[in-house]
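[1] Return a 3D structure for these sequence lines:
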Amino acid sequence: MTAVVFVHGTGVREPGFSKLAGRVAAGLTALRPGLRVVPYYWGAPHGAALAGGGLSLPPEGGAVRGLGEGVSADGPEADAADWAALYADPYAELALAAALAGPPGERPPGSVPPEQPLQARLGALAARGDEPAAALGPGLADAAADLTAHPLLGPAAEALGPDDLAELAARSLTARVVAALLAADDPLVPAGDARDTVVQQLAEALGGAPRGSERGLRTVLLRAAGSAATSAVVRRRRALTEAAHPAAGDILRYLARGAAVREELRTLVAGLAAPVTLVCHSLGGIIALDTLIGAPLPQVRLLVTAGSQGPFLYESGSLPSLEHPAPLPPHVPDWLNLYDRRDLLSYLGGPLFPGRVTDIAVDSRQPFPAAHSAYWTNPEVYRHIVDRLP
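    Coordinates of the predicted model:
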């Protein structure tokens, strides 16, 4: 029986690890029944912790002028930039649409405010709970209830037609659900296809016309939002640092004191029957690579890394086990390296180790940093892995 050892990446702790490992096991065994998936949880015993309770973190500062650069082109990059702005502020489009409305005028007696039909549908959507967005995560019901009472909904309804207003609302609700996952450092961020499917379903539930294969509201609304989104991130520096410190600390701690985690992985693998595949994310790929370089593990027939910085550390002279330009030792097995070009923490191994690494691009259609956590909700990732399992 083929065994797959899953090695997680930076910042992952319980209960997130069990959720992540379960998703990986389900994704692999759905395509290859009978696999034995063995999770390796190194986060608690070997990961970083702020021993002083965060005394090294700076206090929050005041407002900072945004430094973002706008994205004007259509296509995947513009789509990712739009979503990055919405994750920072789920009401960004709503505010910009409201700004397009003209000055308020008098309504004829008995006329229905243009936002009222959408408010009724939002109320009905909130009554259904979180189920319509269950593919993404929790929080839809609260988001729908809040949007119903948002003061900018009326001006936005004056500026947009019913279909665009429904889609704008659907994007706002979806962005709020995904933003909550990012704020919670959830290890399973949905890929762009799953996100856009929910947007379409919510838009139709809110009265919008079906849009077929079109992806999102293609307007200029968010082209001006980049600076505001960046400014919001900078103002939240302390909160972001507090959320991110396990990830950054894990890398630094591993580079300084990684022998114990490598030895534990070696012991785990040595107790398994061949063939064994190591499937690794982020820092997990560095741990596995260093372990395999250090001494032969003949049971391991395949190394799979996703979103890994191993090649970068090697090229920059920071990989503990191998210094550039030394080649990979012959005993290192076949290496499949999956990367997403919008994941700024993923790197190529093939150009550094010709003939030893197969680099394959995958596309979650998420902006960074969401792209770094979206590998394990992307069906394409599992197909590539299972196609190469021994």
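
[2] Name the nearest residue to residue 114, ignoring sequence neighbours.
    Closest residue to residue 114 apart from its sequence neighbours, by C-beta to C-beta, 6 or more residues apart in numbering: residue 157 at 3.9 Å. Just so you know, the C-beta spots here come from the backbone N, C-alpha and C atoms, and that holds for glycine as well.

[3] how close does that neighbour sit to residue 164?
    10 Å (C-beta to C-beta, to the nearest Å).

[4] Contacts only, for residue 281.
    7-9, 305-308, 375-376 (C-beta atoms under 8 Å, 6 or more residues apart in numbering).

[5] how far away is it from residue 154?
    Counting by C-beta to C-beta - residue 281 and residue 154 are separated by 45 Å.

[6] hang on, the earlier thing: residue 157 and residue 164: which has the busier surroundings?
    Per other C-beta atoms under 10 Å, whichever of residue 157 and residue 164 has more neighbours is residue 157, with 23 against 18.

[7] isn't that one right up against residue 119?
    No. At 9.1 Å, residue 157 does not count as touching residue 119 under the criterion of C-beta atoms under 8 Å.

[8] what's the overlap in contacts for these two?
    In contact with both residue 157 and residue 119: no residue, using C-beta under 8 Å, 6+ apart.

[9] just for the stretch 201-350 of the chain, where's the confidence low?
    Within the stretch 201-350 of the chain, the stretches with pLDDT under 70 are 211-248.

[10] And the strands in it, which stretches?
    Using DSSP state E, counting those that start in this stretch, the strands assigned to the stretch 201-350 of the chain run over residues 276-281, 300-306, 334-339.

[11] which of these sits most buried?
    Comparing the strands of the stretch 201-350 of the chain by mean neighbour count (mean count of other C-beta atoms under 10 Å), strand 276-281 comes out on top with a mean of 26.

[12] tell me the angle that strand makes with strand 300-306.
    10 degrees (axes from the mean of the first three to the mean of the last three C-alpha atoms, to 10 degrees).

[13] Off-centre distance for strand 276-281?
    Averaging C-alpha positions (C-alpha atoms, centre = their mean, to the nearest Å) puts strand 276-281 20 Å from its chain's average.

[14] Export only the CA atoms of it, formatted as CSV.
    The C-alpha trace of strand 276-281 is given here as CSV (Å, rounded to 0.1, in the frame of the first residue of the first chain):
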residue,chain,number,x,y,z
VAL,A,276,6.3,6.4,0.5
THR,A,277,5.5,9.8,-0.9
LEU,A,278,6.1,13.1,1.0
VAL,A,279,3.5,15.7,0.2
CYS,A,280,4.5,19.0,1.7
HIS,A,281,3.3,22.6,1.9
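
[15] Contact partners for residue 287?
    Residue 287 makes contacts with 7, 42, 254, 258, 261-262, 265, 280, as judged by C-beta under 8 Å, 6+ apart.

[16] For it, give its distance to residue 173.
    From residue 287 across to residue 173, the span is 38 Å (C-beta to C-beta).

[17] How about residue 297?
    47 Å.

[18] Tell me which of the two has more neighbours.
    Between residue 297 and residue 173, counting by other C-beta under 10 Å, residue 173 is the more crowded of the two (31 against 22).

[19] what's around the closest residue to residue 297 other than its chain neighbours, how many residues?
    Distances taken as C-beta to C-beta, 6+ apart place residue 269 nearest to residue 297, at 5.3 Å, with adjacent residues excluded. As a burial measure, residue 269 scores 22 neighbours (other C-beta under 10 Å).
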